[in-house]
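Visitor: need a structure here:
(2 chains)
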There are 2 protein chains.
Amino acid sequence: MEIEIVSDVLEYNKDHAQINRNIFKENKILVINMLSSPGSGKTSLIIQTIKRLVDFNIGVIEGDISSTYDAEKMKSIVNNVVQINTGGTCHLNASMIKKAIGKIDIKNLDIVFIENVGNLICPVGFDLGEDYKILISSVSEGDDKPVKYPKAFIKANAIVLNKIDLLSISDFDYVFFKEKIRELNSEVPIIKLSCKTSEGLDAWIEWIIERAKKYN
Amino acid sequence: MEIEIVSDVLEYNKDHAQINRNIFKENKILVINMLSSPGSGKTSLIIQTIKRLVDFNIGVIEGDISSTYDAEKMKSIVNNVVQINTGGTCHLNASMIKKAIGKIDIKNLDIVFIENVGNLICPVGFDLGEDYKILISSVSEGDDKPVKYPKAFIKANAIVLNKIDLLSISDFDYVFFKEKIRELNSEVPIIKLSCKTSEGLDAWIEWIIERAKKYN
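Guide: Here you go, the predicted structure:
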C-alpha cells in the first residue's frame, strides 16, 4: 500500500512539473533547481551568481521548511523572490512551484533559481519542471557523500564542490570523491569553487551563461 | 487524506518504539539516537566516543540509505555493529530498530548508539525507543541552522556543535547560534567540540557517562 501511495504522489507531481515546464519554455526561462545538504552553500552560491550575472533578469524561488531567513537575504539583491514555506515538508514539489510562478514577474525573467529545502535525499525524486538539477556538495561534509547519498549524484546535471578554500586544512580526498561520482554518473561536470574566496566561480558562471544563451 | 496516513505511520511507529524502549530498559541499556545533516560528523563522534568509553560495552546501529560505508568503519573498532539499509527511505523508524536489536548482543551491552540517516528534517519525528536524541550541528554548516531547521533543535536532548577548530577561520557567530537555540529550547545543553583536535570531547564523554551510570 505504501508503494502505491508514493507512486500516486510522484505521478501527480509529474503532471504539475510538465505544466511548469511548459510555462518556463513559453517564457524562455532557464530554470535551475539547487539541491544540497543543509549548510552546503546554496544561498551563498545563488547570491554570488546573481551578483555576476548582471546582464540577466533573475528570479529566485526559496524553499524552506519554516523560516523566511534566506528569502530576506535574497530580497536585498534581487526583486523577484518568492518564499515557499513547506510547513515541515522535507522537499519542494511541482505544485508548490506552480503557485510560486504566479507570484513572480515571469514574462520578464531570463533565469530562475529554485533553492530547494536542505536535504540530500527527499528532494531528489521530485521533478519541479526545471531544466537542470545542480547538486552542491562541500569540502567540509567529507569526500564520502557520493557513496552515502548516491541518488543525488546520479540525478545531478552538474555537481558543484563548494568550500574548496578548506581543502588544504581537511583530509578531503578529491580523487576519491571524483572517482566515486564517476562510478555513478560518468559524464557529469564537477565544478570546484569557493563562495568565500571566489576561486572557481568563473567556470560556474560560464556554465550558466552557456545554457542561458540557448533561450535568448 | 495525507494527514491521516502520516498519523497512522507515526501511531504505528510509537507502538514499536515502546516495544524497543521496554527491551532496552529490561537490559539496562542507555540508547542514544544521533541526528544531523550529512557530513556533520556523526560517525566521527561515535568513533571518538567509543575509543574513550573503554569501561563500557557498546553497540552501534548504523542507518544509511544504501551503503555500508560507515558500518565498515565502525566494525574496525567495535564488535556489535548492525547495518540498517533503509532502501532509500530518509529516516530510521522504530520497526527497523526492533529488527536490528535481534542482531546484537543485547544482553551484554551498556550503551547503544543509533546513527540515523543524515537528514535534519525527516528523522526528527520518529521515536526509536531511545533515551536521548542528540543533534549534531557543525561550524561549517553555518550559524543559522536553528532558524532554518527548528524542529530538530526543539526535539534534541543535547546539541553538539562539532568542528569548532574551524571557528577561527569562519564567520560562524556562536552568540547568534546559541541565542536562536535558546528561543527554541531554553534548557538544552550545548556541547562545543572538535572530533579533529579532540577539544571539548571531555565534556561530551562526561555527559554520556553521567547518563550511563544511572543504568548500572
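Visitor: helices and strands around the helix or strand hosting A:Val147, which ones?
Guide: For A:Val147, the host element (DSSP states H and E) is helix A:145-148. When contacts are defined as 3 or more Cβ pairs under 8 Å, 6 or more residues apart in numbering or on different chains; DSSP states H and E, helix A:145-148 sits against helix A:174-184, helix B:69-75. Where you see a C-beta, it was placed from the backbone N, CA and C, and this is true even at glycine.
Visitor: same thing but at 10 Å, please
Guide: strand A:132-138, helix A:150-155, strand A:158-162, helix A:174-184, helix B:69-75 (3 or more Cβ pairs under 10 Å, 6 or more residues apart in numbering or on different chains; DSSP states H and E).
Visitor: and the angle from the third one to helix A:174-184?
Guide: Okay, so that is strand A:158-162. 160 degrees (axes from the mean of the first three to the mean of the last three Cα atoms, to 10 degrees).
Visitor: Check the spatially most central residue of chain A and give its pLDDT.
Guide: Central residue of chain A (Cα atoms, centre = their mean): A:Met34, 0.6 Å from the mean position. The score at A:Met34 is 98. That number is its pLDDT.
Visitor: tell me the contacts of it?
Guide: Applying Cβ atoms under 10 Å, 6 or more residues apart in numbering or on different chains to A:Met34 gives the contacts A:40-43, A:45-46, A:49, A:60, A:63, A:113-116, A:123, A:130, A:132-136, A:160.
Visitor: and A:Cys90, helix, strand or coil?
Guide: coil (DSSP: H, G, I helix; E, B strand; the rest coil).
Visitor: Wait, it touches B:Cys122, no?
Guide: Yes: counting by Cβ atoms under 10 Å, A:Cys90 touches B:Cys122, with 5.2 Å between them.
Visitor: Give me the common contacts of those two.
Guide: A:119, A:121-122, B:90-91.
Visitor: which stretches of chain A aren't confidently modelled?
Guide: A:1-6, A:216 (pLDDT under 70).
Visitor: Just send the helices and strands packed on helix A:145-148 back as CSV, with distance to B:Asp202 and mean neighbour count too.
Guide: Output for those, formatted as CSV (distance: least, Cβ to Cβ, whole Å; neighbours: other Cβ atoms under 10 Å in any protein chain shown):
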stretch, distance to B:Asp202, mean neighbour count
strand A:132-138, 29, 25
helix A:150-155, 36, 20
strand A:158-162, 32, 24
helix A:174-184, 32, 16
helix B:69-75, 22, 18
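Visitor: how about a markdown table for those, with distance to A:Ile106 added?
Guide: Converted to a markdown table, the helices and strands packed on helix A:145-148 look like this (distance: least, Cβ to Cβ, whole Å):
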| stretch | distance to A:Ile106 |
| --- | --- |
| strand A:132-138 | 18 |
| helix A:150-155 | 26 |
| strand A:158-162 | 24 |
| helix A:174-184 | 34 |
| helix B:69-75 | 43 |
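Visitor: Go through these and name the closest to A:Glu206.
Guide: Smallest distance to A:Glu206 across the helices and strands packed on helix A:145-148 (Cβ to Cβ): 11.6 Å, for strand A:158-162.
Visitor: That closest one packs against which elements?
Guide: Right, strand A:158-162 is packed against strand A:30-36, helix A:42-52, strand A:132-138, helix A:145-148, helix A:174-184, strand A:190-192, helix A:201-213 by 3+ Cβ pairs under 10 Å, 6+ apart.
Visitor: can I get these in TSV with distance to A:Met96?
Guide: Formatted as TSV, the helices and strands packed on strand A:158-162 follow (distance: least, Cβ to Cβ, whole Å):
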stretch	distance to A:Met96
strand A:30-36	12
helix A:42-52	17
strand A:132-138	16
helix A:145-148	26
helix A:174-184	28
strand A:190-192	27
helix A:201-213	23
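Visitor: just checking, A:Gln78 touches A:Val54?
Guide: Careful, residue A:78 is Val; it's not Gln. No: A:Val78 lies out of contact with A:Val54 (Cβ under 10 Å); the separation is 11.3 Å.
Visitor: how about the residue nearest to A:Asp144 when sequence neighbours are not counted, what does it touch?
Guide: Using Cβ to Cβ, 6 or more residues apart in numbering or on different chains and skipping the chain neighbours, the partner closest in space to A:Asp144 is B:Tyr69 (5.9 Å). By Cβ under 10 Å, 6+ apart, the contact list for B:Tyr69 reads A:144, A:147-148, A:180, B:43, B:62, B:83.
Visitor: Put the buried members of the contacts of A:Met34 into a ChimeraX selection.
Guide: If you want just the buried ones from the contacts of A:Met34 in ChimeraX, going by 16 or more other Cβ atoms under 10 Å in any protein chain shown, the selection is:
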select /A:40,41,42,43,45,46,49,60,63,113,114,115,116,123,130,133,134,135,136,160
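Visitor: What residues does A:Leu53 make contact with?
Guide: Counted by Cβ under 10 Å, 6+ apart, A:Leu53 has contacts A:110-111, A:113, A:205, A:208-209, A:212.
Visitor: Please apply the same query to A:Phe24.
Guide: Going by Cβ under 10 Å, 6+ apart, the list of residues near A:Phe24 reads A:30-31, A:97, A:101, A:106, A:109, A:112, A:128-131, A:215.
Visitor: chain center to the longest helix seen in chain A: distance?
Guide: Across chain A, the longest stretch assigned as helix under DSSP state H is helix A:2-26. In terms of Cα atoms, centre = their mean, to the nearest Å, the centre of helix A:2-26 is set 18 Å apart from its chain centre.
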